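Undergrad: Got a predicted structure here, sequence first:
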Amino acid sequence: MKKKIVISTGAGISAESGMSTYRDAGGLWDNYPVMEVASDEGFERNPALIHQFYSNLRTKLAQTIQPNDAHRGLVELEKDFDVHVITQNVDDLHERAGSTQVLHLHGELMKVRSMRRPDRIYTLPCDQLSDKGLVTTVDTRDPYGDPVRPHIVFFGEAVPNMEPAARLASQADIFVIIGTSLVVYPAAALLQYVPHGVPIYYIDPRPAKVPSWVHVIARKATEGVPELINLLRQQQ
Ligand code: OAD
């Protein structure tokens, strides 16, 4: 049976594709007030701004951003391992690169959902919506006449996929962290679910403080992922 590798990714893995990170200098939260564009209160106060913000990001993602060699490297690992990606990212670059098992903790930029029936989720562009392109507004309606909202977990909201993510972390034979500042909970707590003795690797050019048993690869994702693949091959 293949060993299970669980890989937790953050904004850093998509940085070299041209997606902004959040907390680096010049990152998204430097340029936009986070509580206005990514909180439940912000959405209540100014839903039009939130639709505009995510519509802009979505359009950029769909029209100008491609997966990079780090995303593709994780796909390559699937030949030898049972690979599960748990991502905090809202982009779809893991899927576009070809990863087959991806769990999104913070939602998905290419999706919106019904405000009345959250189980009704639509991937954009979508013929069923009143707006058929990549842009949604407060006036966008689904086929049932209900308004939609970005399928994003805002600050202040629950993280429904944390439970399956924690379960995956607890089943890992190898655990890998790539490109996250490890400050946003509950995602940052995933490490705590990894059983003792399981090797943990962390790829980030400016790594956060982590326990001493974590093997830190202080490189960019596109350099660190090939290094990780070599290390894992040597150990097989
Ligand atoms: P951050 O912006 O907090 O952290 C980005 C991390 O990526 C930092 O540790 C950087 O050092 C690292 N980094 C930068 N360039 C890199 C590269 N080329 N290769 C590898 N790493 C690189 O982003 P996250 O930790 O992902 O939530 O942020 C977590 C959450 O905060 C996001 O999911 C988002 C945000 O608020 C929501 O929007 C709900």
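TA: That came through, no problem.
Undergrad: Tell me, what's the model's pLDDT at the spatially most central residue of the chain?
TA: With distances taken as Cα atoms, centre = their mean, N89 lies nearest the centre of the chain, 1.8 Å away. On the pLDDT scale, N89 is placed at 97.
Undergrad: For the remainder of this discussion, apply numbering that starts at 403.
TA: Noted, 403 is the first residue going forward, which turns the last one into N491.
Undergrad: thinking it is in contact with L505, fair?
TA: No: using Cβ atoms under 8 Å, N491 makes no contact with L505, being 11.2 Å away. (Each C-beta comes from the backbone N, C-alpha and C, glycine too.)
Undergrad: picking up where we left off before, the residue nearest to the centre of the chain should be in a helix, yeah?
TA: No: counting by DSSP: H, G, I helix; E, B strand; the rest coil, N491 is located in no helix; its state is coil.
Undergrad: Following element in sequence after the lowest-mean-pLDDT helix or strand in the chain, please.
TA: Scoring the helices and strands of the chain by mean pLDDT, DSSP states H and E places helix 430-433 at the bottom, with a mean of 84. Downstream of helix 430-433, the next assigned helix or strand under DSSP states H and E is helix 436-439.
Undergrad: mind listing what's buried in the next helix or strand along the chain from that next one?
TA: The first helix or strand that comes after helix 436-439 along the chain, using DSSP H and E, is helix 442-447. By 16 or more other Cβ atoms under 10 Å, the buried positions in helix 442-447 come out as G444, F445.
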